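Trainee: When you get a sec, could you give me coordinates for this:
(2 chains)
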Amino acid sequence: MTFLYLALGTVFGFALSRSGAADYDFIQSMFLFTSFQLYGIIGTAVALTLPGLWLLKKYGKTIGGKAITIDMKPFNRGNIAGGLLFGVGWSMAGMCPGPILVNIGEGKIYAIAALAGALCGAALVGVLYPTLQKLFYLPKM
Amino acid sequence: MPLILHGLSPIHWAAAGAIISIVTLALLFLANKRLGLSTGFEDVCSLALPLPYFQRKAVVSGRGWRLPFLAGLLLGGFLSAALAGGWSPTLALGMFDQRIGLGAAGKFAWMFAGGLFIGFGTRLGNGCTSGHGIFGLSNLEFSSLMTTIAFMAGGILTTNLIYRVIF
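Mentor: Coordinates of the predicted model:
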């Protein structure tokens, strides 16, 4: 299975790399509304995944016969605050989490700095979780 | 508009969206996993930090698929560059170079700062473009709709501030 996940990740990464989804200029033109490319990518992905997901849930089991289980994400104030902060980072770096790795793979050296920052940011959430949990009504650990 | 990578023309958005959707559905159908990449940051943190937040089920149970998938993203980027005209390290950053500049050290500092927002924001918001934007929206989850609106708003405000007001 490890090889399957590696292969899926490779296809995903290749598509992000060649479509502009891992490209600084395309991310800026999405946010500047000067290019439709990223809206087209995300829109198509959702438009196809939505019915596919519905069918899979209706069918109800994986290829191996296990029941399909999807953990829903709970809503809390962290979604709004975290979303806004992530948007600032997506704009600054021109990358969201997957594309950080794609950019490193492509040889864009500065993406390593973005990865280091992202790991520090995630570590900060872990360290501050008890405080953030009260502040944003996050789920208890 | 060409890609920064070797000045290539991008593939059609419908093709890219279809590939993303196929991978997302394959991950659920073959492995019973919901796509979500930013939790991978916690995977890495959990190797170094023994905090309860990093040992929770969503992190630990996804480790078996997420770490190889993330390695695949690196490989996919590498192959994309290698097959397009050769892999070579670069600092090229498109309109950032034309409008902001800052030099190499400044670019690294800028990217580190951006990364901090990405890491902190995605973990506080419980997901990123993949887990909320693609999987969550397709699964009609309210929290994903709200988070997606928030991160699009954050990005639109920041980029417009940077390129239409400051630089």
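
Trainee: Return the residues in contact with residue 37.
Mentor: By default, I'm working from chain A. A:Gln37 makes contacts with A:Ser19, A:Gly20, A:Phe26, A:Ser29, A:Met30, B:Met1, B:Pro10, B:Trp13, as judged by CB atoms under 8 Å, 6 or more residues apart in numbering or on different chains. (Each C-beta comes from the backbone N, C-alpha and C, glycine too.)

Trainee: please go with chain B instead
Mentor: Contacts for B:Leu37 (CB under 8 Å, 6+ apart) come out as A:Pro97, A:Gly98, B:Arg66, B:Phe69, B:Leu70, B:Leu73, B:Cys128, B:Ser130, B:Gly131.

Trainee: sorry, back to before: tell me which of the contacts of A:Gln37 fall in helices.
Mentor: A:Ser19, A:Phe26, A:Ser29, A:Met30, B:Trp13 (DSSP state H).

Trainee: The second one and A:Leu16 touch, don't they?
Mentor: Meaning A:Phe26. No - the criterion here is CB atoms under 8 Å, and A:Phe26 misses it with A:Leu16 at 10.5 Å.

Trainee: Which positions within stretch A:31-46 qualify as buried?
Mentor: Buried residues in stretch A:31-46, defined by neighbour count with 16 or more other CB atoms under 10 Å in any protein chain shown: A:Phe31, A:Ser35, A:Gln37, A:Leu38, A:Gly40, A:Ile41, A:Ile42, A:Thr44, A:Ala45, A:Val46.

Trainee: meant to ask about stretch B:14-24
Mentor: By 16+ other CB under 10 Å, the buried positions in stretch B:14-24 come out as B:Ala15, B:Ala16, B:Gly17, B:Ala18, B:Ile19, B:Ile20, B:Ser21, B:Ile22, B:Val23, B:Thr24.

Trainee: what do you get for stretch B:51-70?
Mentor: Within stretch B:51-70, the residues that count as buried by 16+ other CB under 10 Å are B:Leu51, B:Tyr53, B:Phe54, B:Arg56, B:Val59, B:Gly62, B:Trp65, B:Arg66, B:Leu67, B:Pro68, B:Phe69, B:Leu70.

Trainee: Run through the residues that contact the first one.
Mentor: Read it as B:Leu51. Contacts of B:Leu51 (CB under 8 Å, 6+ apart): A:Gly126, A:Val127, A:Tyr129.

Trainee: quick one: the helices in chain A?
Mentor: With helices called from DSSP H, chain A shows them at A:2-19, A:24-31, A:37-59, A:77-93, A:97-106, A:110-136.
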